[in-house]
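>>> sharing a model that was predicted from the sequence below.
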Protein chains: 2
Amino acid sequence: MSESAIRRLSLYLRALEEMGDDGEEIVSSRLLAERVGTTGPQVRKDLSLFGSFGTRGLGYAVRPLRVRLRDILGLSRRWSVALVGAGRIGAALVAYPSFRERGFEIVTILDNDPEKIGTRWNGIAIGPVERMEEAFRRNPAEVAILAVPAEAAQDAADALVRVGVRGIMNLAPVRLRVPEGVAVKHVDMAVELESLSFALRHLVR
Amino acid sequence: MSESAIRRLSLYLRALEEMGDDGEEIVSSRLLAERVGTTGPQVRKDLSLFGSFGTRGLGYAVRPLRVRLRDILGLSRRWSVALVGAGRIGAALVAYPSFRERGFEIVTILDNDPEKIGTRWNGIAIGPVERMEEAFRRNPAEVAILAVPAEAAQDAADALVRVGVRGIMNLAPVRLRVPEGVAVKHVDMAVELESLSFALRHLVR
C-alpha cells in the first residue's frame, strides 16, 4: 500500500469516529470522500482492499468499518513508546493528546542533558540516554520517537534496535540505516515544507 | 506528481548537496538510489520527468542536477513565512535550522496569549493574532505555518487566506477548507504514528 493510501485510511477513520459520535450509522462513499477531500471511487477502491464493508446503494456501516480500520492501522492494541530526545519537539509530542487517544503511550523519556535528567514530563522522569537498556528493562517499548540532533540520530537508532525497538518515528533530519524487520517513519519538517513550496511554485507567480 | 515522488526529489537534493560538498562531480543513479533508499530505475524514472540530466553509462552531473532540483522544488527563491501559534511545536520549528537553509524565513510570529505577545523568538517580536492584517502589512508572508489548537485552526486559516497567504503548513489535527489557489500541507503527528503502526502491525506479532 502506498503512503498516501495509508494516510487516507487514517483520515477515513477520523471521519468515521466523528460520525459515530454524532450517532450516524450509515455513510455513503460520497460523503466519506467529501469529509476526507477525495473522491467516492477512491474511497471504494481503498476500502475494497480490506474486504467488503459496503451495501450497494446504501453505504458503509459506520461502526464495523471503524473497528476494521482501527485493526488495519494497528490501533486496536496499545503501543508502548519511548521518546529519545527531550527537546522542544519532544515536549510538543509528549503533550500531544491524540497520541494517547490512538493507543500510543509514552512510557520512557531519555535525554543526555544533565539538567533535564530527573525532571518529570507528563509524570515520567527523564532518564539518561546511556542507560537505555536499564530503562527498557523497566519499561519496555516497541516503538520509539527519535527527536535528537542529526549527528546523534544513527547511534541512538542503533541502541534502540539493540534493546528491541521494532518501529522508529525519526524526527532527525537524517536517513537512518536499520536492519530488516525494523520499520522507520521519517518525519522531516523541511521536507514537508518543500512539498508545500513545490505546490506553491505552480500557484504563486 | 505523487506525494512520495516529491519527497524523493527532496531526498535526492539532500544527497546531491552532500556530494557537492565532498567535491564529487558525477553520480550514478545506483549510488543516488542507495543514498536515498530506493532503486536505480526509480531514480531514473523520477528524474526523467524533468528533462535529461544523465549521460548513459556515466551518471548525472551533480551541480546542474542540484540547481534543477532546487528550482523544481521551489527552493531557488526565498519564501517569507508567518508562524501562527507560538506553542511548543512552534518553538521547535522556529529553532529548526534547515528552514532558513532551504530559503524559508520566518518573518512574523502571532499568538493570542497575552503572556507571549511582545516577547521575542529568534529576534522576532510575537504579535497578537487578531492584528494579523497589520502584521502582514509590515512583514508580508506567502506561506504560513499553522500551529494552533484544532478548534482555532479553521478561523486562523480563513484569516490567513484573507491577508493573502498562498500556502499553509497545517500542524493542527483538523482538515482545513481553503479556496482554490491555496495549497495546504497537513502534517499530523498522529497520522504519522499511525502509518508507523500500520507497518508495525505486519512486523510485530
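The structure has been received and is ready for your questions.
>>> all contacts plus neighbour counts: C-alpha atoms, from now on.
OK.
>>> I'd say residue A:59 and residue A:29 touch.
Yes: with contact defined as C-alpha atoms under 8 Å, residue A:59 reaches residue A:29; the gap is 6.3 Å.
>>> which one of those two has more residues nearby?
Counted by other C-alpha atoms under 10 Å in any protein chain shown, residue A:59 and residue A:29 do not tie: residue A:29 has more neighbours, with 22 against 18.
>>> measure the more buried one to residue B:191 for me?
For residue A:29, the distance to residue B:191 equals 21 Å [C-alpha to C-alpha, to the nearest Å].
>>> what of residue A:119?
From residue A:119 to residue B:191 the distance is 29 Å (C-alpha to C-alpha).
>>> pLDDT weak spots in chain A?
Within chain A, the set of residues satisfying pLDDT under 70 comprises A:52-54, A:204-205.
>>> could you chop it up by domain?
Split into domains by automatic domain parsing, chain A comes to A:3-72, A:79-191.
>>> hmm, the shortest one in reach of chain B?
Yes: taking C-alpha under 8 Å from any C-alpha of the partner chain as the criterion, domain A:3-72 and chain B are in contact, through A:3, A:4, A:6, A:7, A:10, A:36, A:72.
>>> can you pull the contacts of the last one?
Going back to what we said before, that points to residue A:72. Neighbour list for residue A:72: B:198, B:201 [criterion: C-alpha atoms under 8 Å, 6 or more residues apart in numbering or on different chains].
>>> show me what the helix or strand that contains residue A:125 pairs with in its sheet, parallel or antiparallel.
Per DSSP states H and E, residue A:125 falls inside strand A:124-128. Using DSSP bridges, strand A:124-128 pairs in its sheet with strand A:104-111 (parallel), strand A:120-121 (antiparallel).
>>> would you mark the buried spots in that strand?
A:125, A:126, A:127, A:128 (16 or more other C-alpha atoms under 10 Å in any protein chain shown).
>>> counting contacts, what elements does the longest helix along chain A pack onto?
With DSSP state H setting the assignment, residue counts place helix A:3-21 as the longest helix in chain A. Under the contact criterion of 3 or more C-alpha pairs under 8 Å, 6 or more residues apart in numbering or on different chains; DSSP states H and E, helix A:3-21 touches helix A:29-36, helix A:62-72, helix B:3-21, helix B:189-203.
>>> helix A:62-72 and the helix or strand that comes right after the first one, what's the angle between them?
As assigned by DSSP H and E, the chain's next helix or strand after helix A:29-36 is helix A:40-48. Using axes from the mean of the first three to the mean of the last three C-alpha atoms, to 10 degrees, the inter-axis angle of helix A:40-48 relative to helix A:62-72 is 60 degrees.
>>> restricting to C-alpha, output helix A:40-48 in PDB.
Output of helix A:40-48 as PDB, limited to C-alpha atoms (Å, rounded to 0.1, in the frame of the first residue of the first chain):
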ATOM      1  CA  GLY A  40     -16.100   8.400  -4.000                       C
ATOM      2  CA  PRO A  41     -14.400   5.900  -6.400                       C
ATOM      3  CA  GLN A  42     -11.200   6.400  -4.500                       C
ATOM      4  CA  VAL A  43     -12.900   5.600  -1.200                       C
ATOM      5  CA  ARG A  44     -14.500   2.500  -2.600                       C
ATOM      6  CA  LYS A  45     -11.200   1.300  -4.100                       C
ATOM      7  CA  ASP A  46      -9.200   1.900  -0.800                       C
ATOM      8  CA  LEU A  47     -11.800   0.100   1.300                       C
ATOM      9  CA  SER A  48     -12.300  -2.800  -1.100                       C
END
